[in-house]
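A.B. asks: Below are the sequence and a predicted model for it; my questions follow.
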Amino acid sequence: MPKILLDFDYTLFDVEKFKDALYKAMRPYMENKSHKFWQEEKRKVQSERKGYDPKKHIALIVPDKKDRKKAEAAVEKTIKTAKKYLYKDTDWFFKKYKDYDLHIVTFGFDKFQKEKIKATGLDKLAKVTITKGRKAPYFNKILKGKQPVVFIDDKGDEIDAAKTRYPRVVCYWMRRPGGKFLDMPCRKYDHKITNLKIKL
């Protein structure tokens, strides 16, 4: 059975819309309610290779301890609505390729990423691997046997790393309009796509 390895954020899931929902959940409890301040403090708790922890974010932007609990509850409520932030073609893709061996391979803060994916329901349709860094080293646990393998990701450096380490993997470079990593180069992709309505 062919294997499909899928990135989550910006490939299956609209992070920008979800981030806006998180901001709106926290905003009533923030002393400085500007989006710019929210974003700046978010960067302090998040780096490209550390992931995002909303509790640490709230601790920076909500001074009152009672309000922090309320903000945390509001964020938990927002996370539970994560399914509505899946791209429209995500559901199509999972129905189309339901008979394939599907894997979500995603970088992120373990607890937050797990909660987010579980709320979408995709954890019931695919095996989930959450990485602490580059994804390709984690493929070793997944790529057993000689069946065809497809990898779909929006980050050019992840595609290049996967193709370098596993040349047999067919790599689809996701280029959704408004994506976060559109300026990142990619040299080793096999196919360039703008959505998931593709024929493998």
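C.D. replies: Yes, it's here.

A.B. asks: What's the separation between residue 20 and residue 156?
C.D. replies: Noted for residue 20: a distance of 25 Å to residue 156, by Cβ to Cβ, to the nearest Å. (Each C-beta comes from the backbone N, C-alpha and C, glycine too.)

A.B. asks: quick one, what contacts the nearest residue to residue 87 once chain neighbours are set aside?
C.D. replies: Once flanking residues are discounted, residue 87 sits nearest to residue 14: 5.8 Å by Cβ to Cβ, 6 or more residues apart in numbering. Applying Cβ atoms under 8 Å, 6 or more residues apart in numbering to residue 14 gives the contacts 85, 86, 87.

A.B. asks: Help me confirm that the last one comes into contact with residue 176.
C.D. replies: Yes. Taking Cβ atoms under 8 Å as the definition, residue 87 is a contact partner of residue 176 at 7.4 Å.

A.B. asks: Parallel or antiparallel, which strands does the longest strand seen in the chain pair with?
C.D. replies: Looking across the chain with DSSP state E, the single longest strand is strand 101-107. Counting by DSSP bridges, the strands paired with strand 101-107 are strand 3-6 (parallel), strand 127-131 (parallel).

A.B. asks: Which SSE is immediately downstream of that strand?
C.D. replies: Once the chain leaves strand 101-107, the next helix or strand it forms, by DSSP states H and E, is helix 110-120.

A.B. asks: Return the angle between stretch directions for that next one and strand 127-131.
C.D. replies: Helix 110-120 runs at 150 degrees relative to strand 127-131, counting by axes from the mean of the first three to the mean of the last three Cα atoms, to 10 degrees.

A.B. asks: so what does helix 110-120 touch, helix or strand wise?
C.D. replies: For helix 110-120, the packing partners by 3 or more Cβ pairs under 8 Å, 6 or more residues apart in numbering; DSSP states H and E come out as helix 65-79, strand 101-107, strand 127-131.

A.B. asks: Mind putting these into JSON lines with distance to residue 54, mean pLDDT and mean neighbour count?
C.D. replies: Below are the helices and strands packed on helix 110-120 laid out as JSON lines (distance: least, Cβ to Cβ, whole Å; pLDDT from 0 to 100; neighbours: other Cβ atoms under 10 Å):
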{"stretch": "helix 65-79", "distance to residue 54": "5", "mean pLDDT": "96", "mean neighbour count": "16"}
{"stretch": "strand 101-107", "distance to residue 54": "16", "mean pLDDT": "95", "mean neighbour count": "21"}
{"stretch": "strand 127-131", "distance to residue 54": "16", "mean pLDDT": "94", "mean neighbour count": "17"}
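
A.B. asks: Alright, calling it a day.
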